[in-house]
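In: pasting the sequence and the predicted model now:
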Amino acid sequence: MRARNLAVVLGTIHRSGPNTRAALAEMTGLTKTTVSSLVSDLLEAGVVTESGAVRGGERGRPGVAVSLSGHRVATLGLEINIDYLAACVVDLTRTVRLRRTRPADNRNSSPAGTLQGLRDLVKETTAEAGEAGLRIIGAALAVPGTVEGGVLRNAPHLGWRDVRIADLTDLPFAIDNEANLAALGELWFGSRAADFLYVSGEIGIGAGLVVGGTVFRGTFGLAGELGHVVVVPDGPACRCGGQGCLEVYAGQDALLGDLGSVAELVARLESGDRRAVAACERAGHALGVALTSAVHLMDPGRIVLGGIYAPLFRWLEGPVAEGLGVRLAHMRGTPPALVVSGIGADAAVLGAAGLIIQRLIADPAQVLGL
């Protein structure tokens, strides 16, 4: 009962913002004595803070506001991408306190070597967080592949299969698909809309469907493999074994060609380079075809383009919107809103950190050992 009540009180503080203990008692239906005891426990754990005078005290007198604290407790988001490792420390107010990225060539890499590099990054980042007075209570890792039961089942661009990532850190730990966590990052740190389809453009192309503030994962957790939607049935071979997949036309490799980075592609686009513009037009056309199928199946009201599509949005938006508009005109009139991610390349690592925050809010007693 106490664990449930802790979750009720902390969840109310999280949703409603600063409130007095008396107001929290009224909002939760718990007694003032119970709320006062629970708030004291949360204060001691460093999860909430009391400050300032607000209306809501007994008999109309100003009371002290209880709110989430960003001073003592934080979470760690991690990401393995094809060309970098990333770590991000986020406090309970969802403020980013540290962000570290290490360039790395992880394509067809050794799991042992890459994970050792990530362990080193975890040690470095948690040490810096400790120096700033923050206690990391848990970590989550975003990976570019399918995940089942804590096992990375298949990450074709890494060249990994059936890799169990269990001893990365002593912290409570979770692992999930990059696109799912990026969608949650957009939900919690970006647009904050409750319903949307998030499209993560990287070497591969993933998608996360957020419905009512929750990611839809499918029966086996494999929902969102947008990159393997066929856009040209007799097109070039894809590494998945199929032909004409979206990834072949709109993945990072297809967009960059012989260029070395997305930044270089953006520079070419800004200078009006015809090859670069044509590459974005081809990618945008293919993306419009694939998203038309997604709209027919899932009927999202908003489509968010993230990952490498964020810096390329101004050149992709037109071809994608045109493709959607033409194909959906007779079915629904107005296509879903097409918008750029507000957090770009940070979406997955922020979503990973946010996942642990949500677990804390849902069950503070278990996460904090209260």
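Out: Received the coordinates, thanks.
In: where are the low-confidence patches of the stretch 101-250 of the chain?
Out: For the stretch 101-250 of the chain, applying pLDDT under 70 flags the ranges 221.
In: which ones are touching the nearest residue to Phe173 once chain neighbours are set aside?
Out: Closest residue to Phe173 apart from its sequence neighbours, by Cβ to Cβ, 6 or more residues apart in numbering: Ala139 at 5.4 Å. Every C-beta, even on glycine, is put in place using the N, C-alpha and C of the backbone. Listed by Cβ atoms under 8 Å, 6 or more residues apart in numbering, the contact partners of Ala139 are 75-78, 122, 168-169, 171-174, 352, 356.
In: quick one, phi/psi of Ala139?
Out: Reported as degrees, to the nearest 10, the phi and psi values for Ala139 are phi -140, psi 150.
In: what about Thr31, neighbour count?
Out: The number of residues packed near Thr31 is 10, by other Cβ atoms under 10 Å.
In: now do the biggest helix by length in the chain, average pLDDT.
Out: Assignment by DSSP state H gives helix 274-298 as the longest helix of the chain. In this model, helix 274-298 has an average pLDDT of 92.
In: what's it in contact with?
Out: Where contact means Cβ under 8 Å, 6+ apart, the residues beyond helix 274-298 that reach it are 197, 199, 207, 209, 226, 229, 231-232, 246, 249-250, 254-255, 257, 259, 265, 268-269, 300, 303, 312, 315-324, 327-328, 331-332, 335-336.
In: put the buried members of those into a ChimeraX selection.
Out: Applying 16 or more other Cβ atoms under 10 Å to those leaves a buried subset, and the ChimeraX line that selects it is:
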select :197,199,207,209,226,229,231,246,249,250,254,255,259,265,268,269,300,303,312,315,316,317,319,320,321,323,324,327,328,335,336
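In: the contacts of helix 274-298 in helices, which ones?
Out: Among those, the members falling in helices (DSSP H) are 246, 249-250, 254-255, 265, 268-269, 315-324, 327-328, 331-332.
In: among the contacts of Ala139, which one has the most neighbours?
Out: For the contacts of Ala139, neighbours tallied by other Cβ under 10 Å; top is Ala352, 32 neighbours.
In: which residues does that one contact?
Out: Counted by Cβ under 8 Å, 6+ apart, Ala352 has contacts 76-79, 88, 139-142, 174, 176, 181, 185.
In: and of the residues you listed, the nearest to Gly369?
Out: Ala139 (16.5 Å; Cβ to Cβ).
In: quick one: that closest one and Glu317, what's the gap?
Out: Using Cβ to Cβ, to the nearest Å, one gets 35 Å for the distance from Ala139 to Glu317.
In: for the contacts of Ala352, give me TSV that also has secondary structure and distance to Ser37.
Out: Shown next, in TSV, are those (DSSP: H, G, I helix; E, B strand; the rest coil; distance: Cβ to Cβ, whole Å):
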residue	secondary structure	distance to Ser37
Leu76	strand	30
Gly77	strand	32
Leu78	strand	36
Glu79	strand	39
Cys88	strand	34
Ala139	strand	30
Ala140	strand	31
Leu141	strand	36
Ala142	strand	38
Ala174	strand	30
Asp176	strand	35
Leu181	helix	35
Gly185	helix	35
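In: going by distance to Met1, which of these wins?
Out: Ala174 (26.8 Å).
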